[in-house]
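Q: Need a 3D model of the following:
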Amino acid sequence: MEQLIIYLARALVDQPDQVSLRASDVDGARLYELKVAPEDVGKVIGRDGRTVGALRTLVGAAAQKQGQKVRLEIQDDRRQPQAATPAPATPPEGP
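A: Alright, predicted model coming up:
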């Protein structure tokens, strides 16, 4: 399964050497987390998520044929959580 995901991802991106895949077991299914170069994330996700939807369909069908359940997630380092910034202080009202 890992080889299929990596093969497909490398075919889609401009920097195939930066494709990496991490696998873990979550809720009775195998979770695959795909990481690509930040400038290639859009290519893997595709317009309106169509490309990643197609990848999930292919991986899901291959897994089902082997009697497995899988999930595919794309890691997007561009969407780092913003640190909470304090609200600007309001100036004191004068007399």
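
Q: Quick one: residues contacting Arg22.
A: If a contact means CB atoms under 8 Å, 6 or more residues apart in numbering, then Arg22 has 32-33, 35 as its contacts. Glycine gets a C-beta too; all of them are placed from N, C-alpha and C.

Q: give me that answer again for 10 Å
A: Each residue near Arg22 by CB atoms under 10 Å, 6 or more residues apart in numbering is listed here: 2, 31-35, 73, 75.

Q: Give me the buried subset of those residues.
A: With burial judged by 16 or more other CB atoms under 10 Å, the buried subset of the contacts of Arg22 is 32, 34-35.

Q: Closest to Val44 out of those residues?
A: Compare each of these with Val44 using CB to CB and the shortest gap goes to Leu34, at 7.0 Å.

Q: Now do that closest one against Gly67, distance only.
A: Taking CB to CB, to the nearest Å as the measure, Leu34 and Gly67 are separated by 22 Å.

Q: ok, now Gln3?
A: Applying CB to CB, the value for Gln3 to Gly67 is 18 Å.

Q: Likewise for Ala29?
A: From Ala29 across to Gly67, the span is 12 Å (CB to CB).

Q: Run through the residues that contact Gln64.
A: With CB under 10 Å, 6+ apart as the criterion, the residues that contact Gln64 are Val70.

Q: Check Tyr7 too.
A: For Tyr7, the contacting residues are 16, 19, by CB under 10 Å, 6+ apart.

Q: So it, which state does it fall into?
A: At Tyr7 the chain is in helix, as set by DSSP: H, G, I helix; E, B strand; the rest coil.
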